[in-house]
Structure formats: C-alpha cells, structure tokens
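Participant: When you get a sec, could you give me coordinates for this:
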Amino acid sequence: MTDPPSPLLTIRDIIEATGGSLIRGRLEQAVRGVSTDTRTLEAENLFIPLTGPNFNGHAFLTEAVSLGAAAFLTEKRHRGDVPAFTEKIAWIEVVDTLRALGDIAHGRRKKANCRVIAVTGSAGKTTTKEMTAAICSLNRKVLKTEGNFNNLVGLPLTLLKLQEEIDLAILELGTNAPGEIERLARLAAPDVGVLTNIGPAHLEGLGTVAAVREEKGMLFAVMDQRGTAILNLDDPEIDLLRKRWQGNRLSFSLSAPADVTAENIRPVETWKTSFILNIQGTKEEIVLSVPGRHNIYNALAAAAAATAVGCEPSLIGQGLHAFRTVTGRMEIEFLPGGAHLIHDAYNANPLSVAEALKTLVELSGDSRRIVVFGDMLELGDHSAAYHEEIGRQIGASKIYALFLKGDLARITAKAAESAGLDRNHIFLFDGKGTAIPALREVVSNGDWVLLKGSRKMHLDDLIPDIRRFGG
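Facilitator: Residues are numbered from 1 along each chain as shown. Next comes the predicted model:
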C-alpha cells in the first residue's frame, strides 16, 4: 500500500512523550512527521539529529531548517553545536535523541486504534512478515515494516506512520546486541508475537545461541502473558520459551501435532511448492511461489499470526497464493544460456545457508550445482568454526564448483575439499573482475547457481553480469 501522510504531532505531544524541555516555540505548534536524515526530510517535519561514535546529526541542523523543518530536537550535551537561528523554529532539548525518537513513536502507538503483530527470529522474519502482510492486507488496512527498518531507528519511523485508518501493523524486530528486542518490543507493544526460529546469528554482539534465545525471547517477556504467542514446535531452542509462556498461544510444526501444520508437501511447476495447509482442522490447498522447506515454516508462522488476528483459513489461503518472493531471498531466474540462478544473498547465517543448500539440492536434481558464497558476518569468535561447518555441508551437497569471497574463504574451501569437493573446482575471488570470467568459464546449460552470503559481501553486484551469461 502507498504510505499514508504522516500524522500531526504537537510540541506538547513530543514533550509529554520524551520528557524534554522546550527551549523555544509554542506547545500548540504542530509538526507533520519525523525525519532523522536531511536527505529524506520533508517540509513541516520534526528533525531529530541522531549521534554515534562516528557521526553527529547536529551538524545538519542548518540544512534541516533550510529544507523546511518545523522543529528540531537536540541533546543537552550538544547544545554548543546548535546554530543561532533567526527563524522562529521550535526547539526541544532531550538527554538522548535516539531514545526520544522511540518515545515519540511509542506515544503514537498508544494512541493508535490498531492491533500489532511483531515478528522476530534468526532467519525468515522478513519473509514471514511479508507473507502475513499479503494475507491480512486482503481485508484490512495494513502498515508493515519496509526494507530493513527493523532496528531502533527504523521501527520508530514505521510506528510514526500509524494513521487512524490503519487496522493492523506488522512489524519486524531485528537485533545484533543485547537489550534491543526488549526496547523494540516495548515500543511496538504487540498484540501478537511471532518467533520464527533461533540459531547462530549476530553472535559477534550476542555471544552464544543461548544468548540469542534469551534476546529473541524478550519479545514474549515484554508481552508478559498478554496477547498471543506464535510458537515453532520444531525448534528445540524455542522449547524453553514455550514452557515459560502461560498466555494464549498458537503453534506451528511440520513434525508434531500443532494448531497450524502442512501436509502433502511437493514441488510443482516453475519452482513453486504445493501443500495442504491445516489450520485447526480446516484445510486449504496452497501453491507457494517460493521453494524450500524453510519457506513452508515461514508460511505456517504467517498463517498462525493471521489466525490470531481473526483471518479465516480461506483468506489465509488466498494471501499465501498471492505472496511473491522478497528481493534477494530465494529469487530464481532462468538465464539466457540455459542455467538457473538462485539469488539468496540478502543476508546469511549458518541456519539460512544450510536451508539454501538443501533447497539447491532439491531444485537441481541431477544437474550440476555451483555455489557462490560470501562470508557470513557478525559471528564473532565462532566465525571460523561455522565457516568450516558450512564448508563441510557444501562438500557433502555434491557441488560441482565453489566460488568464495571473504576473509574466511580459505577455511570454507579447505573444509569443502575435505568433504569431497575437487580442489580444482574451488575458486577464490575478491570482486566482479575475478569472479565473472571464472564463472563464465564454468557455468553451462542446465546448471544451478546459488548466490549466498551476508549483504555486506555485495554478491548482488555479480547479478547483472551473470544475467548475461549465454545471452
């Protein structure tokens, strides 16, 4: 849906939400929307300059005013960075502008007459969020997280788009450090909490999988037995959180009795997946536009979330039929030369890489498999061990050729070779200049090529050239 116009906020609203001090301006003055970036600032916005170790948004106050900002917040410690404006522009001072941004958004959430679904997990949260939105938007006005706006900046900016006509907000919560999910969940105040799975992701900031479980589990802790928890019965790490939760719940599973399950799963034409969706005894035949067992799990989580907010099984079936894949997540293309490209390089952690390899094997059948793999980032002290394990999985997947990029490429290569991959079919590259010529030599008619790696490895830079293979 097209973004609605930003709601009006008064200076009084902002001060009440943040506990800030009015340095200049009138309490009755209104602003329309909030901006933290002068590149996207619109006239009448409240400008909130964020700060960090390597940036200070207070340096852009003059630009914000020149672009038509109606008011701005500043931090007390940066009062000396505030220019002497001749314009009669409202000025509010707070202790922490990032916290103030969240507090203003939470104030908007409390006033909004809508329900909120919050989705988190180590993998699949974006696809689950999009599937849930595809269902629920069929019969109600939905606001959803766009792109990667799932952090302490993006979530508040999403909440600040809440308008009276919005019936449901579907929000993604991400984290790479302790305490973030708790803060995000308190801002969102969800009615429904979805936890897709728990695995080794963002270990650089979180340390261990157990710490990931506790961090993600803060979604349910903040909900405090209120609302409905959506629980994956097939994830052993979630089992402890399930036992703690005493409130309403809906479960999903592919292997155990649950509220939402899937039966008769099979691949169908053009890399789609067919299955029978069973929601508490009511069955719907589904053809999902994306392949992979992990996407069945995402669909079950979305179906459970939609059920929790009152969607009928038939509507859920329609929404899952209508869902289309998210850019960079299991996008499949037929190349001019007869090969197939799987673009799944939006992000990567050990859990998502393992699922991508399984899907590659399922789709390729007896055809040759080629993997282009970039390092999995943010794994901290565990990085080498996880790359070694992924190398073994690659080798065991009967890959024909492996192209590697990143500081840990040699570790992955050695493990893949030890698991049976011919060392002459392993190539290390550092960019398009080295990757594309070698790939062009290897890829031929009928091959399946998987691109998988963390976003900062920029594997998507290879796609325009790969799309011309054989053309």
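Participant: So for the chain, the centremost residue is which one?
Facilitator: Nearest to the mean C-alpha position of the chain, by CA atoms, centre = their mean, lies residue 126 at 3.9 Å.
Participant: following the helix or strand harbouring it, which helix or strand shows up next?
Facilitator: Residue 126 is part of helix 125-136 when elements are defined by DSSP states H and E. For helix 125-136, the following helix or strand on the C-terminal side (DSSP H and E) is strand 142-144.
Participant: if we can go back for a sec, quick one: contacts for the residue nearest to the centre of the chain?
Facilitator: Going by CB atoms under 8 Å, 6 or more residues apart in numbering, residue 126 touches 172, 326, 329, 346. For the C-beta atoms, the positions are set from N, CA and C on the backbone; glycine is no exception.
Participant: tell me the phi and psi of residue 92?
Facilitator: phi -120, psi 140 (degrees, to the nearest 10).
Participant: Below-threshold pLDDT in the stretch 351-471 of the chain: ranges please.
Facilitator: For the stretch 351-471 of the chain, the stretches with pLDDT under 70 are 471.
Participant: where along it do the helices fall?
Facilitator: 383-396, 409-418, 432-442, 463-466 (DSSP state H, counting those that start in this stretch).
Participant: Now do the buried residues in the third one.
Facilitator: Spelled out, that is helix 432-442. 435-436, 439, 442 (16 or more other CB atoms under 10 Å).
Participant: Keep only those of the contacts of residue 126 that are in helices.
Facilitator: Using DSSP state H, no member of the contacts of residue 126 sits in helices.
Participant: Tell me the one among those residues nearest to residue 15.
Facilitator: Distances from residue 15 to the contacts of residue 126, taken as CB to CB, are shortest for residue 172 (29.7 Å).
Participant: The closest one contacts residue 147, doesn't it?
Facilitator: No - judged on CB atoms under 8 Å, residue 172 makes no contact with residue 147 at a distance of 9.6 Å.
Participant: Have a look at those two and say which one is more surrounded.
Facilitator: More neighbours surround residue 172 than the other of residue 172 and residue 147, with 28 against 10 (other CB atoms under 10 Å).
Participant: tell me the contacts of that one?
Facilitator: 118-120, 125-126, 129, 145, 149-150.
Participant: For the residue nearest to residue 120 when sequence neighbours are not counted, grab phi and psi.
Facilitator: Distances taken as CB to CB, 6 or more residues apart in numbering put residue 173 closest to residue 120, at 4.2 Å, once the chain neighbours are dropped. Per-residue torsions, residue 173: phi -120, psi 120 (degrees, to the nearest 10).
Participant: Return the distance of residue 173 relative to residue 119.
Facilitator: Per CB to CB, to the nearest Å, residue 173 is found 7 Å from residue 119.
Participant: Could you pull up the contacting residues of residue 465?
Facilitator: Listed by CB under 8 Å, 6+ apart, the contact partners of residue 465 are 432, 436.
Participant: Kindly recompute the last result at 6 Å.
Facilitator: Contact analysis of residue 465 by CB atoms under 6 Å, 6 or more residues apart in numbering lists residue 436.
Participant: what's the answer for residue 319, then?
Facilitator: If you count contacts by CB under 6 Å, 6+ apart, residue 319 has them with 134-135, 138.
Participant: Give me the buried entries from these.
Facilitator: Listed as buried from the contacts of residue 319 are 134-135; burial here means 16+ other CB under 10 Å.
Participant: which residues of the stretch 51-200 of the chain fall in helices?
Facilitator: 61-66, 97-111, 125-136, 154-159, 180-188.
Participant: Tell me how far the third one lies from the chain's centre.
Facilitator: By that I understand helix 125-136. Between the centre of helix 125-136 and the centre of its host chain there is 11 Å, according to CA atoms, centre = their mean, to the nearest Å.
Participant: Tell me how many other residues crowd residue 321.
Facilitator: 15.
Participant: any idea how far residue 340 is from it?
Facilitator: 23 Å.
Participant: Give me the subset of the contacts of residue 126 lying in strands.
Facilitator: Residues of the contacts of residue 126 located in strands (DSSP state E): residue 172.
Participant: Which of the contacts of residue 126 are buried, as a ChimeraX select command?
Facilitator: To isolate the buried subset of the contacts of residue 126 in ChimeraX, counting by 16+ other CB under 10 Å, use the following:
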select :172,326,329,346
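Participant: Just the closest of the contacts of residue 126 to residue 307, please.
Facilitator: Nearest to residue 307 among these, counting by CB to CB, is residue 172 at 19.2 Å.
Participant: Next one: the closest one from residue 260, what distance?
Facilitator: Remark: distance between residue 172 and residue 260 (CB to CB) = 20 Å.
Participant: Same check on residue 249?
Facilitator: Taken as CB to CB, the span from residue 249 to residue 260 is 11 Å.
Participant: Which residue of these two possesses the greater neighbour count?
Facilitator: Of the pair residue 249 and residue 260, residue 260 is the one with more neighbours under other CB under 10 Å, namely 25 against 17.
Participant: circling back to that earlier point, which of the buried residues of helix 432-442 lies at the shortest distance from residue 54?
Facilitator: For the buried residues of helix 432-442, the nearest to residue 54 is residue 435 (30.5 Å; CB to CB).
Participant: which residue sits closest to residue 398, ignoring its sequence neighbours?
Facilitator: Nearest to residue 398 is residue 369, by CB to CB, 6+ apart, at 6.8 Å.
Participant: What is the neighbour count of residue 195?
Facilitator: 29.
Participant: which residues sit in contact with it?
Facilitator: Here residue 195 is in contact with 121, 216 (criterion: CB under 6 Å, 6+ apart).
Participant: Could you measure from it over to residue 247?
Facilitator: 14 Å.
Participant: Residue 438 contacts residue 427, doesn't it?
Facilitator: Yes - because the distance of 5.1 Å satisfies CB atoms under 6 Å, residue 438 is recorded as touching residue 427.
Participant: Please point out which parts of stretch 280-291 sit buried.
Facilitator: The neighbour-count check on stretch 280-291 (16+ other CB under 10 Å) flags 284, 286, 288-291 as buried.
Participant: And those residues, which is closest to residue 404?
Facilitator: Within these, proximity to residue 404 (CB to CB) peaks at residue 291, which comes in at 24.1 Å.
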